[in-house]
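*Asks:* predicted model, plus sequence, below.
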Amino acid sequence: MEFLLQPLTLLTFFPVVGILILFFIPSDRKDALRWTALITSVITFVLSLWVLTMFNASNASLQLAAQYDWIQVAGWNIQYYLAVDGLSILLVLLTSFLTPISILSTWTAVEERVKDFMIFFLLLEIGMMGVFLAQDLFLFYIFWEFTLVPMYFLIGIWGGPRRIY
């Protein structure tokens, strides 16, 4: 359980809490779905501010690292390795700041399948956080590919006039 209490792991995967709550809210309660997603994303932003307070800008190395051996096969040592540096902290803050704004901007624009939209949006936030914090190439690739799944559905279902669904 120590793994889950690492600041960067908590920041990356906190939206899972909101997703789990969204699963139990009926689809016809659109305002409850929107508020749950918004509150989850605001808490994620607060967590990113907390990470910023622990970040030492005068230190040019990786900070707040969460590093665990993950997969060891045939000489490959794939690790769960999250850390933050001067550039990634800015991208994490930007992502966590824009997510609640994006949810607010879709408040009245998305009227159909609101539950699915909010779940996909929070999944996208998880993927983006992971992309900016991953320090292992394999983990980065997993997060990068993971972002494509919710993005595909968000664009395909709620995209412009040429949407798929």
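*Replies:* All right, it came through fine.
*Asks:* pLDDT averaged over stretch 36-50 - what is it?
*Replies:* On average, the pLDDT along stretch 36-50 is 98.
*Asks:* the longest strand along the chain - contacts with which helices or strands?
*Replies:* Using DSSP state E, we find that the single longest strand of the chain is strand 63-73. Judged by 3 or more Cβ pairs under 8 Å, 6 or more residues apart in numbering; DSSP states H and E, the packing partners of strand 63-73 are helix 7-13, helix 30-54, strand 76-84. In this view, the C-beta of every residue, glycine as well, is placed from N, C-alpha and C.
*Asks:* most neighbours per residue, which of those?
*Replies:* Burial of the helices and strands packed on strand 63-73 is given as mean neighbour count (mean count of other Cβ atoms under 10 Å); helix 7-13 ranks first at a mean of 21.
*Asks:* next one: it to chain centre, how far?
*Replies:* In terms of Cα atoms, centre = their mean, to the nearest Å, the centre of helix 7-13 is found 9 Å from the chain centre.
*Asks:* after it comes which helix or strand?
*Replies:* The helix or strand immediately downstream of helix 7-13 is helix 15-24, counting by DSSP states H and E.
*Asks:* tell me the buried residues in that following helix?
*Replies:* Under the neighbour-count criterion of 16 or more other Cβ atoms under 10 Å, helix 15-24 has Pro15, Gly18, Ile19, Leu22 buried.
*Asks:* ok, so of these, who is nearest Arg29?
*Replies:* Nearest to Arg29 among the buried residues of helix 15-24: Leu22, at 10.4 Å, using Cβ to Cβ.
*Asks:* check contacts around the closest one.
*Replies:* Under the criterion of Cβ atoms under 8 Å, 6 or more residues apart in numbering, the contact partners of Leu22 comprise Leu33, Thr36, Ala37, Lys115, Met118, Ile119, Leu122.
*Asks:* same check on Trp50?
*Replies:* The neighbours of Trp50, taking Cβ under 8 Å, 6+ apart as the test, are Pro7.
*Asks:* where in the chain is pLDDT low?
*Replies:* For the chain, the stretches flagged by pLDDT under 70 are 1-4, 162-165.
*Asks:* gap between the residue positioned nearest the centre of it and Ser96?
*Replies:* Nearest to the mean C-alpha position of the chain, counting by Cα atoms, centre = their mean, stands Ile126 at 1.9 Å. For Ile126, the distance to Ser96 equals 11 Å [Cβ to Cβ, to the nearest Å].
*Asks:* cheers, nothing more for now.
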